[in-house]
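# My questions are about this predicted structure, shown below with the sequence.
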Amino acid sequence: MTIQCHGWPVFVTVLPALLWPVSAIAGDRTDHARAAGRRTALVFEASASHGSITSSGTVIQYRNGTQRATWRMLSVMDHARTRRGQVGRAISTRWLHGWVRTGDGNLKATQVNRYAAMTVTVRTGPASGLFSVDVERRYRRNVYVLREHLELRMPCRTARLLWRDERMIRARPGISYHVDRWTDRFVEMTFSGRRFALVDAPDLSGMDVFVGRLINRRVAPRRSCRIVLELDDHRNHLAVYAARCKRHWYPPSPRILRDRRFRRRGEVVENHVLFRVGQGPVVVKRRFPRGFDAAVVFTDHADQSAPGPLRALLLGRSDATIEHPVGGFIGNGLHLTKTLFARGGPSPQMDDPGVRALAGRAATKGIEFGPHSATPRRDSRLATEQALKLFSGLGHTWIDHQPDTNCEAYSCRGWRRSSPFFLADLLFKSGFRYVWTGQDVRLRGGRLDMFQPLKWRFRPSILFPFQVSAGGRGVLWLWRSVWYYRTPASLDRGLSQAHLDRLATQHGLFIAHTYLDDHHPPGHRRHRMALVLRRAGIYVLHPAFRLVLARLGAAQRSGRIWVPSLGELADYLVVWNRIFVQPLSRNRFLVRNPSTHAIKGLVVTIGAHVTHVSGPAASSVRILRSGPTSLLELNVPASDSVIVTFDRDV
């Protein structure tokens, strides 16, 4: 007997196990049906004007006119009772089955283990050819999460995806491609002339895409696509802490991995994934605002800071004023995250009234100030709380000083609620949201891009969320940087025009761990590292450093490279991460912002030649670039949506 299934002629009596859709749709007994004692799989259908969804056993099919898509979903939940080790670990991996029809016509299936319940709902979308997969995790106990995945497997011949350098690439069979949190999710698959696309999946921890044969021979078609939606994965948030707090920093203490997120009993987490069946334009959001291709961020540590060199760093010369800078960061229109000690530093810093006045005025020019711990020494909770008040209104980034000796450092004992040095709650209460992990990423060969797009399976853990504490309700975002303490000549070579152009071409991000106001005098063993020099009693910038800042200023004015502070970058990305882009037709799309903060300068890429665009007045939508791939810029108010209509050349 021959069955025609989705364009595949199959002789069931000869090859009964080659294609999983055949056995499922024909009503053969599946493994799950046997386990439940059923002879046949029940079929449910959810219908709407925009298509219908049917379920048979573990197989889901969406049909809209002549277009259809078929897939299966595998849920993975891996939890443990402890922050480290295997105590109470529970791993459950199951094909979703037992689909039921809800009152509003959607299909729902639930997987439960002793720690959590994962409910997956498939519902028709708001426009023809669209449907969504909504995932809800409800926690039954306090638990630490290792993995929570939803894996989709479907027949396909080819696939292309939006890669970490924000180019559309074709997936090569046999290679697993990892898409990180800060790259928009778009995957388009083809089979027998049909197209099936994942068009958006905001607020995911990550995503893996694989084209080729599957490992499970019983269910593998001849060619399959596998999309792993990483709802949460411990490999995407690699935080560490110092094993011991010592009197002397050298040799450094061993680092212990802290990568599992805590979830409270009763907590509910939701994710929404949108799919399209049939052809349509590529509509994705770009990583950086206002059309910038890349970003360079300086996070400067306080160890070498003093009042005169600090003024030179910001204004070009220590005798310049905020109103009339002659260079430096402010003079070149660049922003910076600069940390200082509240007191007790090698030179007066925030304990100097002049420095505090300078910081207050420089903050109005985009310079962010934050604490580099309260002091260079070990501090109590009370001392830290008092120090945080000095930085109120100046920024919301914290950088640890020497985690091996400063016990209150977040990457030492500051994250642990049971420690007398616990400070995470103080940071959150004082308005600090972004905390350095104490880790630096290694980049080789003069590369600047922390996303490293040439490594297919690389996981760039650059900025990721962690609870303030186990059981706490606040969230701190942890970030990593690149060690960049260099001589003036080396800094000039590392940030040369060629390297900056390559960073812009790769649409990359570079967060530098620096000591820019190093001013060691001649004769000092570190004088060769000095970027600030003293001439006739006035501090000025080294000529090579002036060239670097001028080069970055020109790149920012040309619209290629954005130079924000760390807080400015993170503020934008945290809202960007939740933005949902939903195509409605071939010339309309919706942008939804569920955040309580507005987003300005959002850039959307459209794979079409756009000639005219319109939207609500509040969105200020405009065309940045028109061509085979067009760029649109718009604003989206907080907790609101914007519908954009565009005309395109055929």
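Done, it's in.

# Any regions of the stretch 551-650 of the chain where pLDDT drops low?
Scanning the stretch 551-650 of the chain for pLDDT under 70 picks out the ranges 650.

# and what of the chain?
In the chain, residues with pLDDT under 70: 1-50, 213-222, 470-472, 650.

# which helix is the longest one in it?
For the chain, the helix with the greatest residue count under DSSP state H is helix 543-557.

# helix/strand/coil for residue 131?
Using DSSP: H, G, I helix; E, B strand; the rest coil, the structure places residue 131 in strand.

# Correct me if wrong: it contacts residue 53.
Yes - when contacts are counted by CB atoms under 8 Å, residue 131 is listed as touching residue 53 (6.6 Å). Every C-beta, even on glycine, is put in place using the N, C-alpha and C of the backbone.

# anything in contact with each of these two?
Common neighbours of residue 131 and residue 53 (criterion: CB atoms under 8 Å, 6 or more residues apart in numbering): 62, 122-124.

# Spatially, which pair of these is furthest apart? Let me know, please.
Maximum pairwise distance among these (CB to CB): 10.4 Å, between 62 and 123.

# who's more crowded, these two?
In terms of neighbours (other CB atoms under 10 Å), residue 62 is the more surrounded of residue 62 and residue 123; the figures are 25 against 20.

# And that one, how close does it get to residue 133?
Using CB to CB, to the nearest Å, we find residue 62 at a distance of 10 Å from residue 133.

# returning to what we had before: and whichever helix or strand comes after the longest helix of the chain, what other elements does it pack with?
Using DSSP states H and E, the next helix or strand after helix 543-557 towards the C-terminus is strand 561-562. Counting contacts by 3 or more CB pairs under 8 Å, 6 or more residues apart in numbering; DSSP states H and E, strand 561-562 is packed against strand 294-300, helix 497-505, helix 543-557.

# Return the most buried member of those.
strand 294-300 (a mean of 24; mean count of other CB atoms under 10 Å).

# Contacts made by that strand with the rest, please.
Outside strand 294-300, the residues within contact range by CB under 8 Å, 6+ apart are 288, 313, 336-339, 397, 399, 436, 448-449, 481, 495, 500, 503-504, 506-517, 552, 560-566, 569.

# switch the cut-off to 7 Å
Residues outside strand 294-300 that contact it (CB atoms under 7 Å, 6 or more residues apart in numbering): 288, 336-339, 399, 481, 503-504, 507-516, 552, 560-564, 566, 569.

# So which of the residues you listed belong to helices?
Under the assignment DSSP H, the contacts of strand 294-300 contribute 503-504, 552, 566, 569 to helices.

# hmm, back to that, any chance of the helices and strands packed on strand 561-562 in a markdown table, with distance to residue 199 too?
Putting these into a markdown table (distance: least, CB to CB, whole Å) gives the following:
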| stretch | distance to residue 199 |
| --- | --- |
| strand 294-300 | 25 |
| helix 497-505 | 26 |
| helix 543-557 | 32 |
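
# So what's the gap between the longest helix of the chain and the chain middle?
Centre-to-centre, helix 543-557 and its host chain are 28 Å apart (CA atoms, centre = their mean, to the nearest Å).

# Which secondary structure elements does that helix sit against?
The contact analysis (3 or more CB pairs under 7 Å, 6 or more residues apart in numbering; DSSP states H and E) places helix 543-557 against helix 488-494, helix 497-505, strand 561-562.

# mind putting these in a markdown table, distance to residue 201 included?
Output for the helices and strands packed on helix 543-557, formatted as a markdown table (distance: least, CB to CB, whole Å):
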| stretch | distance to residue 201 |
| --- | --- |
| helix 488-494 | 35 |
| helix 497-505 | 26 |
| strand 561-562 | 25 |
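
# tell me the SS of residue 150?
Here residue 150 is recorded as strand under three-state DSSP.

# Enumerate every residue touching residue 647.
Applying CB under 7 Å, 6+ apart, the residues near residue 647 are 587, 610-612.
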